[in-house]
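Peer 1: A structural model of the following input is requested.
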Amino acid sequence: DKFVFKDLLKLPVYFWNGIKYHTTDRLFTPKPLTANITLTHRCNSRCITCDRWKNPSPTELEPDQITQIFRNPLFSSINNLSLSGGEAALREDLGEIAQRAVNFLPKLREITLFTNGLEPELITEQVKILLQIARFKEICGVNVYVSVDGINTIHDKIHGIQGAFERVSETINRLQQLQKLVTFNLSARCTVQPLNMYDLLPILNFSRHIALPLSFAPLNTSNVFIKDREENEFLTFTMAQYRDLNNIFVRDIFPYLTTSNRMFWKDLFLNIGGDERKMPCNMLRYYVNPVSYTHLRAHETVLDLVCR
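Peer 2: Numbering: from 1, shown residues only. Here you go, the predicted model:
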């Protein structure tokens, strides 16, 4: 399909960048290229897959403090910055933070916003602000990922909000209308878990029907997101479910995924089956994840957050 063909055209660039990056690794540790900054624990969703909304932090770093992080030499090669939460769109100063990123990350090319899509008007306005920043800084593009984890009641159950799917659909519609006026990348992102694994094809059909690119990501059940994992065993796949999931992807999903997303899932299923992964983990070197919702200890400065 057209998404796979477009990715194939980029393969020579991917290979060349990979060779350069991993060759330098033999001489020194290269700086990360991608950063995700968790801006807040505040969230208007009540997801069963995440505990962050239960314990919102009483404090969040101010833009000046976040700027200190961006000015750290560790970030001088960052070309893609992701803004997430919680719900990042709830930060009233989201635009100012993005502006600081553009000003102080010299190689920045893209800003990516992850959103649950529950506040159509707010999210649309926040995206407009990001687009204004990108327009005045020609080096920068904007990507927006909206969570779509099921159709109708499945999505509502996962997010713990009645009518959540309807609100997400409105957000997607508003953003697609905005795309007619200004260029940016809009995609749906589905977090795959036992509750929605048999709903993946309807999700795919929904995204194709409205011409919305879709990617799938596995559920992260680490204690970063879920503190009481033992009380949430329903979030963990059994081996029988993994086999079913593999069959679903091979039969229904793989033909419609981008090359990178398809390669990721093929590698994941190999790894789950006991085989060694074929692709190196780019998060080992490419990725860094500072947070902006934590407390500074008495002996620390804001730059210590980078290394936590």
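Peer 1: from here on, contacts and neighbour counts on C-alpha atoms
Peer 2: Noted.
Peer 1: which stretches of the stretch 201-308 of the chain have low pLDDT?
Peer 2: In the predicted model, the stretch 201-308 of the chain carries pLDDT under 70 at residues 222-233, 280-288, 290-308.
Peer 1: what's the closest residue to Val168 other than its chain neighbours sitting at in phi/psi?
Peer 2: Spatial nearest neighbour of Val168, chain neighbours left out: Gly117 (4.7 Å); criterion: Cα to Cα, 6 or more residues apart in numbering. Backbone torsions of Gly117, given as degrees, to the nearest 10, read phi 70, psi 10.
Peer 1: look up the closest residue to the most centrally placed residue in the chain, ignoring the ones flanking it.
Peer 2: In the chain, the residue lying closest to the centroid (Cα atoms, centre = their mean) is Phe114, at 5.4 Å. Leaving out its chain neighbours, the residue that sits closest to Phe114 by Cα to Cα, 6+ apart is Tyr145, at 4.9 Å.
Peer 1: which residues are in contact with the one you found?
Peer 2: Thr112, Leu113, Phe114, Thr115, Leu186, Ser187, Ala188, Arg189 (Cα atoms under 8 Å, 6 or more residues apart in numbering).
Peer 1: what's the answer for Leu214, then?
Peer 2: Ser187, Ala188, Arg189, Cys190, Leu204, Ser207, Leu257.
Peer 1: do I have it right that the last one meets Leu212?
Peer 2: No - at 12.0 Å, Leu257 and Leu212 do not qualify as touching, with contact defined as Cα atoms under 8 Å.
Peer 1: neighbour count: the two, which is higher?
Peer 2: Set Leu257 next to Leu212 and count neighbours by other Cα atoms under 10 Å: Leu257 wins out with 20 against 16.
Peer 1: and that one, how far from Gln177?
Peer 2: Look at Leu257 and Gln177: by Cα to Cα, to the nearest Å, they are 24 Å apart.
Peer 1: try Ala240
Peer 2: Taking Cα to Cα, one finds Ala240 at 42 Å from Gln177.
Peer 1: Gln65 too?
Peer 2: For Gln65, the distance to Gln177 equals 35 Å [Cα to Cα].
Peer 1: so the two - more neighbours on which side?
Peer 2: Gln65 (14 against 11).
Peer 1: quick one: list the elements packing against the helix or strand where that one lies.
Peer 2: Here Gln65 is covered by helix 63-70, with elements defined by DSSP states H and E. The elements that helix 63-70 packs onto, with contact taken as 3 or more Cα pairs under 8 Å, 6 or more residues apart in numbering; DSSP states H and E, are helix 94-104.
Peer 1: for the record, mean pLDDT for the helix it packs on?
Peer 2: Averaging pLDDT along helix 94-104 gives 94.
Peer 1: buried residues in that helix?
Peer 2: Leu94, Gly95, Glu96, Ile97, Ala98, Gln99, Arg100, Ala101, Val102, Phe104 (16 or more other Cα atoms under 10 Å).
Peer 1: let me know the closest of these to Leu195.
Peer 2: Leu195 has its nearest neighbour among those in Leu94, at 32.2 Å by Cα to Cα.
Peer 1: how near is that closest one to Ile78?
Peer 2: In terms of Cα to Cα, Leu94 sits 19 Å off from Ile78.
Peer 1: swap in Ile272?
Peer 2: 31 Å.
Peer 1: so the two - more neighbours on which side?
Peer 2: Neighbours per residue, other Cα under 10 Å: of Ile272 and Ile78, the larger number sits with Ile78, 23 against 13.
Peer 1: let's verify the more buried one: helix, strand, or coil?
Peer 2: Going by DSSP: H, G, I helix; E, B strand; the rest coil, the secondary structure assigned to Ile78 is coil.
Peer 1: I figured it was touching Ile111, is that so?
Peer 2: No - using Cα under 8 Å, Ile78 makes no contact with Ile111, being 10.6 Å away.
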